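Trainee: Predicted model and sequence follow; I will ask about them next.
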Amino acid sequence: MFQTTHIGIDLGTANILVYTKQKGIIMNEPSVVAIDINTKKVLAVGTDAKNMIGKTPSHIVAIRPLKNGVIADFDITTEMLKMVMKKVSKILGRTVRKPTVVVCTPSGATTVERRAITDAVKLCGAKQVELIEEPVAAAIGADLPVHEPTANVVVDIGGGTTEVAIISYGGVVTCETIRVGGDKMDDDIIHHVRKQYNVLIGERTAENIKKEIGYALIDHPDQLMEIRGRDLVTGLPKTVELSSSEIQSALRESLEAILETVRSTLEQSPPELSGDIVDHGVVITGGGALLNGLQDWLTSELSVPVHLAPNPLESVAIGTGKSLSMLQQLNKIAK
Ligand SMILES: Nc1ncnc2c1ncn2[C@@H]1O[C@H](COP(=O)(O)OP(=O)(O)OP(=O)(O)O)[C@@H](O)[C@H]1O
């Protein structure tokens, strides 16, 4: 006889997290797959694959099979999920058979995109697949009282998208999504260094620059960072010194786009909920919420309190997992 397993998966553009009720988050790895294009064989998944980005011979490519929160390459996503299930079995010390899986989807995902996620998870052996909208999962994960008739505003800044949602009484009252998140900020930095210094840098370097000297606030202690890339004129490696103020202006456009989305979502709030927003403010979550100075910058621009979720990188996975126990309760009632 085998045990039924209930699993929550945050299938993100940047990271994939797996949650079980008994052990909490048991896996947190980059959503990256390394493939040999000659044999079509998957060589590595997660951290091992991410470490290969930009460093492999030409027949090995590191692919991110999700873009903007949805599946961009179905077959590779399925392969990645199969490897994830194997890792989960290893971590749990037993074979996971026919699990019930809750997966989050961006609220802007189309029916076809939602269907693709369900199909991919089913192909990995899941018996039942339930979908939950990402902002609702993020709000549950951030311990917001989503089931109360009060406005809970969540700004989830992920790798591929930023979702802004007002949740009340267990449902989404209004929501806006833009395809601007941490990845776009990395692109902004790559573009800036190429334009300003004629130097090409990789995605990982850009992400490190963003985390170390990327600031949302114009007013911040100026910091310098040395980075290495390829000189586009000579083709040779080159070292460049970057300042936090130039990175701040490189990120400006993306940050303004996020701010505009928050503003227009708040503008759509029903008047009865606006008072709650002034009192309770906005919760920022997702990895992008960790950008230096973002909380202070949004507070000054929005004139409402802005709170950072306790575990911004894990809120969605925790919320997905918690919704799992709600599902179990519902199933018990149904039986
Ligand atoms: N300290 C930090 N400062 C700025 N950005 C960060 C920091 N830590 C992580 N990030 C960024 O957060 C993003 C990943 O966040 P998260 O794991 O919430 O996204 P995701 O759920 O995979 O994406 P999506 O929700 O779009 O599917 C990446 O772009 C990463 O560079």
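Mentor: Received, thanks. Numbers count the residues shown, from 1 in each chain.
Trainee: can you map out the helices along the protein?
Mentor: Counting by DSSP state H, the chain has these helices, from start to end: 47-50, 74-92, 111-123, 134-141, 182-197, 203-213, 244-267, 271-280, 294-302, 315-334.
Trainee: Kindly reformat the ones you listed as JSON lines containing mean pLDDT, distance to the ligand and mean neighbour count.
Mentor: For every residue, glycine as well, the C-beta is placed using N, CA and C. Compiled in JSON lines, these are given as follows (pLDDT from 0 to 100; distance: least, C-beta to the nearest ligand atom, whole Å; neighbours: other C-beta atoms under 10 Å):
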{"stretch": "helix 47-50", "mean pLDDT": "89", "distance to the ligand": "11", "mean neighbour count": "18"}
{"stretch": "helix 74-92", "mean pLDDT": "91", "distance to the ligand": "12", "mean neighbour count": "19"}
{"stretch": "helix 111-123", "mean pLDDT": "95", "distance to the ligand": "11", "mean neighbour count": "17"}
{"stretch": "helix 134-141", "mean pLDDT": "92", "distance to the ligand": "6", "mean neighbour count": "29"}
{"stretch": "helix 182-197", "mean pLDDT": "98", "distance to the ligand": "2", "mean neighbour count": "19"}
{"stretch": "helix 203-213", "mean pLDDT": "96", "distance to the ligand": "4", "mean neighbour count": "19"}
{"stretch": "helix 244-267", "mean pLDDT": "97", "distance to the ligand": "10", "mean neighbour count": "17"}
{"stretch": "helix 271-280", "mean pLDDT": "89", "distance to the ligand": "22", "mean neighbour count": "14"}
{"stretch": "helix 294-302", "mean pLDDT": "96", "distance to the ligand": "8", "mean neighbour count": "18"}
{"stretch": "helix 315-334", "mean pLDDT": "71", "distance to the ligand": "6", "mean neighbour count": "19"}
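Trainee: Looking at those helices, spot the one closest to Ile16.
Mentor: Minimum separation from Ile16 across the helices of the chain (C-beta to C-beta) falls at helix 74-92, 6.3 Å.
Trainee: what's next to that closest one, contact-wise?
Mentor: For helix 74-92, the surrounding residues in contact (C-beta atoms under 8 Å, 6 or more residues apart in numbering) are 5, 7, 9, 11, 16, 18, 20, 23, 26-27, 31, 33, 35, 42, 45-46, 63, 65-66, 71, 95-96, 116, 119-121, 123-125.
Trainee: now the angle between helix 111-123 and it, please.
Mentor: Here helix 74-92 runs at 40 degrees with respect to helix 111-123, directions being taken by axes from the mean of the first three to the mean of the last three C-alpha atoms, to 10 degrees.
Trainee: ok so, going back, I'd like the helices of the chain as TSV, with distance to Ile227 appended.
Mentor: Compiled in TSV, those are given as follows (distance: least, C-beta to C-beta, whole Å):
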stretch	distance to Ile227
helix 47-50	19
helix 74-92	30
helix 111-123	36
helix 134-141	32
helix 182-197	7
helix 203-213	6
helix 244-267	11
helix 271-280	40
helix 294-302	22
helix 315-334	30
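Trainee: Figure out which of the ones you listed is closest to Val172.
Mentor: In terms of C-beta to C-beta, the element of these nearest to Val172 is helix 134-141, at 6.4 Å.
Trainee: Return the list of helices and strands in contact with the closest one.
Mentor: Contact here means 3 or more C-beta pairs under 8 Å, 6 or more residues apart in numbering; DSSP states H and E; on that basis helix 134-141 packs against strand 100-105, strand 152-157, strand 162-168, strand 171-178, strand 282-285, helix 315-334.
Trainee: Can you mark which positions in the second one are buried?
Mentor: Taking 16 or more other C-beta atoms under 10 Å as the neighbour-count basis, strand 152-157 is seen to contain the buried residues 152-157.
Trainee: wait, which of the residues you listed is closest to Val112?
Mentor: Relative to Val112, and with distances defined as C-beta to C-beta, the nearest of these is Asp156, at 22.3 Å.
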